[in-house]
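Asks: Need the 3D shape of this:
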Amino acid sequence: MRVRSLTERVLLLATLWSALALVTIAVVISALYRQGAERAFNDLLHAHLFNVINAVSIGEDGNLTGNPELGNLRFSQPASGWYWLAEPLGTFASVRLTSTSLGVNNLPVAGLVDAPFDENYERFYEVQDYAGNKLRVAETEVVLDGESRAARFRVAGNLTDVEEDIAAFQQRLYIALAIFGFGGLALNALAILYGLRPLVGAKRALERIRTGEAASLEGEFPREIMPLVNEVNALIESNRRIVERARMQVGNLAHSLKTPIAVLLNESRALPDQQAEVVKSQAEAMQAQVSSYLNRARIAAQRESVLARCELDQVAERLIRVMRKLNPATTFTFAPEPPGLALAMEQQDIEEVLGNLLENSARYAKARVTVTARPLPADEPGGDGVRRSWIELVVEDDGPGLEPDQITEALKRGRRLDESRPGTGLGLSIVKEISSEYQGTFSLSRASLGGLQARLKLPAVIRESV
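Replies: Next up is the predicted model:
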């Protein structure tokens, strides 16, 4: 699996590198310590060997004599694995001398093929004693007098002592390296998190832009991040200029079309009644459609803007106050859950959407129109990595409502189900187009009040704590 978190990626690499380095260090140090311990053990045996040689001689009775003092009580403890021997060689007839720890027992002698003598006529090999101890033996042969009488001298040490010493050292080493490793990983994690804190600051600055609290990335950032900050600010400024240019062009186009349409409406009055009605209705439809397409062009120009923001409560309450004055016999209620919801839309767009729905509901309602709003669960991040939040806006009335086939007709541009009432038949289609331009949804169904229910899914301003 790919690791997408920068923090996790760095921590993973640091952990793998630290583990590899610590394992390598442990292996190398253990090997070096083992070599040193074995070399020191051989040196100790070599020193004991020469102490035994120096302490043994041929007595007046022609036998080996001497009492080596090696300063190690283990040479006096039976089956301790620490022994010394002095044995006559060749025709030299003498009793052997042994340490108290060996007594009457003997030690096997390695063959010359397996353990040859070195240039100093010394050799080291490993054997097992009568008690099952694994021994390291230092051996040499020495001529003791002018009559060429010689003896074999051997000193043996218990290898278990060396292995126990090495094992104890390795245990301490592994514990120390483990503590160092975990401590190093903790310090690495803290250093990484501290080093990435400017990115958290940049994220918070972007959050302020998205919620409309700031117009650009503000704050102090390290010089490594400043190029990114400058590019983002330049992108925001470029986006702002594009939006303003689109709005200006939309205004210019609306102004240029306003006069020709007004002339057509004015000239229609001079025509006969039947022709005047046709010209007037077509001119009004043209005026509404021009307004609709201009709105779509404006929305498309600013849809990607990160600065769009509108407080739903303020817009809804203002529109409802107007509707109450125009329709005193109808009760209008607004119930946001919770209050203070904000839409990621231009104010005039939500006014267009909600105004059309309120006007349509007021036209057909018997006595009651309700508006509710609530936040929806946020979507999972999409392919662009953006997590989007939504608000559901519902407008209901207690009028006659529409049948399913009538709902389909009502959403078609320019279609009017009731020709007896004024209108162009563009209101619901405009609502659908605007919600679609903001990547939202719009649907009609039977309301719980008995009339028509209009349900909108519109983008919300994300308010997440960082």
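Asks: Tell me, how many residues neighbour R154?
Replies: Neighbour count of R154, defined by other Cβ atoms under 10 Å: 23. From N, CA and C alone the C-beta is placed, and that goes for glycine too.
Asks: so the nearest residue to S435 once chain neighbours are set aside, which of the three states?
Replies: Leaving aside its sequence neighbours, S435 sits nearest to F442 (Cβ to Cβ, 6 or more residues apart in numbering; 4.3 Å). For F442, the assignment made with DSSP: H, G, I helix; E, B strand; the rest coil gives strand.
Asks: pretty sure F442 contacts Q453?
Replies: No: using Cβ atoms under 8 Å as the test, F442 is too far from Q453 to be in contact (11.5 Å).
Asks: Okay, R388 and E437: tell me how far apart.
Replies: 15 Å (Cβ to Cβ, to the nearest Å).
Asks: Same check on E403?
Replies: 28 Å.
Asks: Name the residue in those two with the higher neighbour count.
Replies: Comparing E403 with E437 by other Cβ under 10 Å, the one with more neighbours is E437, at 18 against 10.
Asks: Next one: that one relative to L312, how far apart?
Replies: Taking Cβ to Cβ as the measure, E437 falls 18 Å from L312.
Asks: Then L228?
Replies: Where L312 is concerned, L228 sits at a distance of 33 Å (Cβ to Cβ).
Asks: who has more neighbours, the two?
Replies: Applying other Cβ under 10 Å to L228 and L312 shows that L312 carries more neighbours, namely 24 against 13.
Asks: Hmm, that one is touching A342, no?
Replies: Yes: between L312 and A342 there is a contact under Cβ under 8 Å: 6.6 Å.
Asks: quick one: low-confidence parts of the stretch 151-300 of the chain?
Replies: The model of the stretch 151-300 of the chain has pLDDT under 70 over residues 210-212, 247, 251, 254-255, 258, 288-289, 291-300.
Asks: So what does L271 have for phi and psi?
Replies: With angles defined as degrees, to the nearest 10, L271 sits at phi -90, psi 160.
Asks: Please, where are all the helices along the stretch 101-250 of the chain?
Replies: 159-195, 197-210, 226-268 (DSSP state H, counting those that start in this stretch).
Asks: The longest one: how far from the chain's middle?
Replies: For helix 226-268, the gap between its own C-alpha mean and the chain's C-alpha mean amounts to 41 Å (Cα atoms, centre = their mean, to the nearest Å).
Asks: on that earlier part again, columns distance to E359 on top of the helices of the stretch 101-250 of the chain, output as a markdown table?
Replies: Below are the helices of the stretch 101-250 of the chain laid out as a markdown table (distance: least, Cβ to Cβ, whole Å):
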| stretch | distance to E359 |
| --- | --- |
| helix 159-195 | 55 |
| helix 197-210 | 32 |
| helix 226-268 | 21 |
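Asks: for those, which one ends up most surrounded?
Replies: Sort those by mean neighbour count, taking mean count of other Cβ atoms under 10 Å, and helix 197-210 sits at the top with a mean of 16.
Asks: Using the record, which stretches count as separate domains in the chain?
Replies: 6-165, 214-307, 308-459 (automatic domain parsing).
Asks: Quick check: closest non-adjacent residue to E237.
Replies: In space, and not counting its chain neighbours, E237 is closest to S216: 7.4 Å by Cβ to Cβ, 6+ apart.
Asks: Could you pull up phi and psi at that neighbour?
Replies: Torsion angles, degrees, to the nearest 10, at S216: phi -160, psi 170.
Asks: Just confirm it contacts I209, I think it does.
Replies: Yes: counting by Cβ under 8 Å, S216 touches I209, with 7.0 Å between them.
Asks: Show me the common contact partners of these two, please.
Replies: Listed as contacting both S216 and I209 by Cβ atoms under 8 Å, 6 or more residues apart in numbering are I236.
Asks: Not including adjacent chain positions, what is the nearest residue to A93?
Replies: A93's closest residue in space is G62 (Cβ to Cβ, 6+ apart), at 7.6 Å.
Asks: Is that neighbour located within a helix, as I assumed?
Replies: No: per three-state DSSP, G62 lies outside any helix segment and is coil.
Asks: hang on, it packs against V95?
Replies: No: applying Cβ under 8 Å as the test, G62 and V95 come out as separate, 10.3 Å apart.
Asks: now do the same end-to-end measure for stretch 88-99.
Replies: 15 Å (Cα to Cα, to the nearest Å).
Asks: Let me see the residues that make contact with it.
Replies: By Cβ under 8 Å, 6+ apart, the residues outside stretch 88-99 that reach it are 56, 58, 62-66, 75-76, 82-87, 141, 149-152.
Asks: again, but for stretch 178-195
Replies: For stretch 178-195, contacts defined as Cβ under 8 Å, 6+ apart pick out 7, 10-11, 14-15, 18-19, 22.
Asks: ok, now with 7 Å
Replies: With contact meaning Cβ atoms under 7 Å, 6 or more residues apart in numbering, stretch 178-195 is reached by 7, 10-11, 14-15, 18, 22.
Asks: Which helix or strand contains F334?
Replies: Element membership of F334 [criterion: DSSP states H and E] is strand 331-336.
Asks: just checking, what packs against the helix or strand that that strand is followed by?
Replies: As assigned by DSSP H and E, the chain's next helix or strand after strand 331-336 is strand 342-343. With contacts taken as 3 or more Cβ pairs under 7 Å, 6 or more residues apart in numbering; DSSP states H and E, strand 342-343 sits against strand 310-311.
Asks: Strand 331-336 and the next helix or strand along the chain from the strand it packs on, what's the angle between them?
Replies: Note on strand 310-311: by DSSP H and E, the next helix or strand toward the C-terminus is helix 312-326. Counting by axes from the mean of the first three to the mean of the last three Cα atoms, to 10 degrees, helix 312-326 points 180 degrees away from the direction of strand 331-336.
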